[in-house]
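S.K.: coords below, sequence missing:
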């Protein structure tokens with residue numbers, strides 16, 4: 001009974017796993033049909049030249065028989081063997097090539113070591129007997145019987161068509177009757193092969209549809225495959241959370257070397273670092289909103305970093321600049337004014353003898 005839950009198409013990974021097991025949509029009849037049809041056409045094309053060669057061999061045999069010399073028999077046998085090899089060899093090679101092409105067009109060459117692994121189910125006589133009398137085996141037998149019936153009907157209809165000529169063949173010459181018989185057999189052969197080829201194509205289409213149906217997946221199968229390929233979503237979420245925490249701790253640690261922290265004053269906080277001797281422009285060391293902004297301000301207070309309230313500049317820096325990047329040129333003037341304000345405030349504290357850590361929160 002078909003599984004109604006398997007409603008999704010097979011993924012590329014499922015197809016690859018099936019291919020590794022040797023499971024591909026393939027009709028066993030199609031390679032044979034191509035091979036037999038090609039061999040029949042090749043033989044019908046080569047018959048005239050083969051008849052000439054056979055006539056020559058027959059004449060040589062008659063000459064050897066009339067002379068009665070045994071020494072001439074061995075070369076003649078070699079000639080017969082070579083002629084037979086030149087007849088049979090190309091036919092067998094063509095059939096093998098066409099059978100290989102028939103397998104390649106149905107899914108390519110498949111190397112499946114897993115399918116070659118020894119299995120007790122294959123050697124178990126009870127399992128093999130059950131497969132022998134199974135419904136699938138009966139279907140395969142039916143698929144073989146149907147084209148055979150078509151071919152039998154085709155041959156009988158052609159014999160009925162030429163029945164009058166068959167009756168008169170006994171009164172004709174051997175050459176004429178032999179040629180007509182060869183032509184009739186050739187016609188029956190190539191038409192039968194054509195019927196077999198058409199049936200093989202239909203069998204391939206049915207096999208492919210059945211194979212696609214077997215490869216279908218349920219939504220649970222898709223989720224399991226996603227876990228195998230991309231990992232468990234819960235684990236991935238935990239990993240991303242840990243990565244965010246690590247980046248946040250590193251960012252808060254960098255606040256200690258900031259030059260100034262620009263705030264909103266409570267919603268946004270952006271820590272800037274500027275070293276005139278080594279930097280072309282100020283760099284954002286840390287930024288955050290709400291709770292993270294509060295943590296940045298706490299770190300700044302702990303390490304004595306000046307905090308300046310400038311809501312427009314804080315919002316612009318938060319939205320326009322990522323952590324680790326330098327500020328854009330359009331903000332140079334605003335940040336330069338802010339840094340100048342910090343330097344003047346620090347200068348006043350030095351002139352009055354106060355410590356730099358006395359600079360906490362200023363309005364700019």
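M.R.: Here it is on my side, so go on. This is a predicted model, so every value here is computed, not measured.
S.K.: Contact partners for residue 338?
M.R.: Contacts for residue 338 were tallied using C-beta atoms under 8 Å, 6 or more residues apart in numbering; they are 260, 262, 308, 310, 313, 364. For glycine as for every other residue, the C-beta is placed from the backbone atoms N, C-alpha and C.
S.K.: State the mean pLDDT of the strand or helix carrying residue 154.
M.R.: Here residue 154 is covered by helix 135-161, with elements defined by DSSP states H and E. Throughout helix 135-161, pLDDT has a mean value of 76.
S.K.: How far off centre is that helix?
M.R.: Distance of helix 135-161 from the chain centroid (C-alpha atoms, centre = their mean, to the nearest Å) equals 38 Å.
S.K.: repeat for stretch 293-309
M.R.: Worked out by C-alpha atoms, centre = their mean, stretch 293-309 lies 55 Å from the chain centre.
S.K.: what do you get for stretch 336-351?
M.R.: Stretch 336-351 sits 65 Å away from the centroid of its parent chain (C-alpha atoms, centre = their mean).
S.K.: same question, stretch 83-94
M.R.: Stretch 83-94 sits 39 Å away from the centroid of its parent chain (C-alpha atoms, centre = their mean).
S.K.: Identify the residues contacting it?
M.R.: Under C-beta under 8 Å, 6+ apart, the answer for stretch 83-94 is 35, 38-39, 42-43, 46, 50, 53, 57.
S.K.: one step back: what helices and strands are in contact with the helix or strand that the helix holding residue 154 is followed by?
M.R.: Remark: after helix 135-161, the chain's next helix or strand is helix 163-168, criterion DSSP H and E. Contacts defined by 3 or more C-beta pairs under 8 Å, 6 or more residues apart in numbering; DSSP states H and E place helix 163-168 against no helix or strand at all.
S.K.: For the stretch 251-364 of the chain, which segments count as strands?
M.R.: Remark: strands assigned in the stretch 251-364 of the chain by DSSP state E, counting those that start in this stretch are 260-263, 268-273, 283-289, 307-309, 361-363.
S.K.: can you put those in TSV and add distance to residue 335?
M.R.: Shown next, in TSV, are the strands of the stretch 251-364 of the chain (distance: least, C-beta to C-beta, whole Å):
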stretch	distance to residue 335
strand 260-263	8
strand 268-273	7
strand 283-289	10
strand 307-309	11
strand 361-363	15
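S.K.: Residue 100 is nearest to which of these?
M.R.: Closest to residue 100 of those, according to C-beta to C-beta: strand 283-289, at 65.0 Å.
S.K.: could you say what helices and strands the closest one packs with?
M.R.: Using 3+ C-beta pairs under 8 Å, 6+ apart, the elements in contact with strand 283-289 are helix 233-254, strand 268-273, helix 291-303, helix 311-320.
S.K.: now for the longest helix along the chain, which elements pack on it?
M.R.: The residue-count maximum for a helix in the chain (DSSP state H) belongs to helix 174-215. Packing partners of helix 174-215 (3+ C-beta pairs under 8 Å, 6+ apart): helix 12-20, helix 29-67, helix 135-161.
S.K.: Any regions of the chain where pLDDT drops low?
M.R.: Flagging of the chain using pLDDT under 70 yields the residue ranges 1-4, 64-73, 76, 108-141, 169-176, 228-233, 235, 349-364.
S.K.: one step back: in TSV, list the helices and strands packed on helix 174-215 along with distance to residue 337 and mean neighbour count.
M.R.: Formatted as TSV, those follow (distance: least, C-beta to C-beta, whole Å; neighbours: other C-beta atoms under 10 Å):
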stretch	distance to residue 337	mean neighbour count
helix 12-20	58	14
helix 29-67	81	15
helix 135-161	84	12
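S.K.: closest to residue 238 out of the ones you listed?
M.R.: Among the helices and strands packed on helix 174-215, helix 12-20 sits nearest to residue 238 (C-beta to C-beta), with 24.4 Å.
S.K.: gap between the closest one and the chain center?
M.R.: Distance, stretch centre to chain centre, for helix 12-20: 8 Å (C-alpha atoms, centre = their mean).
S.K.: what packs against that helix?
M.R.: Helix 12-20 packs on helix 174-215, helix 219-230, going by 3+ C-beta pairs under 8 Å, 6+ apart.
S.K.: by how many degrees do it and helix 174-215 diverge?
M.R.: Calculated by axes from the mean of the first three to the mean of the last three C-alpha atoms, to 10 degrees, helix 12-20 forms an angle of 130 degrees with helix 174-215.
S.K.: Contacts only, for residue 313.
M.R.: By C-beta under 8 Å, 6+ apart, the contact list for residue 313 reads 262, 331, 334-335, 338.
S.K.: quick revisit: mind checking which of the contacts of residue 338 are buried?
M.R.: By neighbour count, with 16 or more other C-beta atoms under 10 Å, the contacts of residue 338 hold 260, 262, 308, 310, 313 as buried.
S.K.: Next up, the contacts around the second one.
M.R.: The neighbours of residue 262, taking C-beta under 8 Å, 6+ apart as the test, are 268-270, 272, 308-310, 313-314, 317, 338.
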